[in-house]
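**Q** Next input, structure requested:
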Amino acid sequence: MFDKPIVMLDFETTGLSPANGDRITEVAALRIVEGRVTERYVSLVNCGARIPYFISELTGISQAMVDAAPPVERVLPQLLDFIGSDALSAHNASFDEKFLKAEAERLGLATAHEGLVCSLKLSRRVFPGLSSYKLGLLSGQLGIRFRSAAHRAESDAEVAAEVLIHIARHLGHAYGFASLAPQLLVSMNKLSAAKVPAYLRQVADAELLAKKPPQSA
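**A** Numbers count the residues shown, from 1 in each chain. Below is the predicted model:
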């Protein structure tokens, strides 16, 4: 499946941009080893921020819940330790990464993950032509169901992890990959959808050639 662990991350937040003062309210980080989730870090987060009414309505996370939650000064170091140097993934990954980096910088900390894998971009490249790539609609098209309410960090992270595992299985069947390197997925994110099939065939052919025993003289 994957030849190195990948951590699927999801934040619930007070808004769309840390640059505008928005903060995190909940986090879920799920470590995927080979083809299954083996560890998880989940917590509500108290950043001392006010939650807009429409965000509470969307997520079900109330002001009282975050006011009673562990402070960000405790959660962020634990989260960064959990992620470590593994590759990081998220659905619309640039959103979650910018919040991770912003919260870390506030505390004088640094991220150490190696590579960012966006399951939304991958889905567009591997399954072109679907009607929607939003997590809730995409997962339904792939036959993946939410086990609990959407717009909560752990629930969204679980579904995104299943989407990523589904993508890996599809690529293994379609191109003959025994395992996938996170860096391959990072490289796919940077290509247009039209270029991905040729790129994957090239990588698969190179792997097959490398496995062939040398010809005897």
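**Q** hang on, isn't residue 187 packed against residue 199?
**A** Yes. Residue 187 lies in contact with residue 199 (Cβ atoms under 8 Å); the separation is 7.4 Å. Where C-beta positions appear, they are placed from N, C-alpha and C, glycine not excepted.
**Q** quick one: the helices in this structure?
**A** 53-59, 63-67, 72-83, 93-106, 119-126, 135-141, 153-175, 182-189, 196-211 (DSSP state H).
**Q** Of those, which stretch is the most buried?
**A** With neighbours taken as mean count of other Cβ atoms under 10 Å, the helices of the chain reach their highest mean count in helix 119-126, at a mean of 22.
**Q** How far off centre is that one?
**A** 12 Å (Cα atoms, centre = their mean, to the nearest Å).
**Q** what's the closest of the helices of the chain to residue 47?
**A** Each of the helices of the chain has some distance to residue 47 by Cβ to Cβ; the shortest is helix 72-83, at 4.7 Å.
**Q** picking up where we left off before, quick check: neighbours shared by residue 187 and residue 199?
**A** Residues touching both residue 187 and residue 199 (Cβ atoms under 8 Å, 6 or more residues apart in numbering): there are none.
**Q** Just list the residues touching residue 153, thanks.
**A** By Cβ under 8 Å, 6+ apart, the neighbours of residue 153 are 10, 11, 12, 26, 27, 28, 42.
**Q** Let me see the contact set for the one residue sitting closest to the centre of the chain.
**A** By Cα atoms, centre = their mean, the mean C-alpha position of the chain lies nearest to residue 90, the distance being 2.0 Å. By Cβ under 8 Å, 6+ apart, the contact list for residue 90 reads 8, 9, 10, 96, 97, 116, 118, 119, 160.
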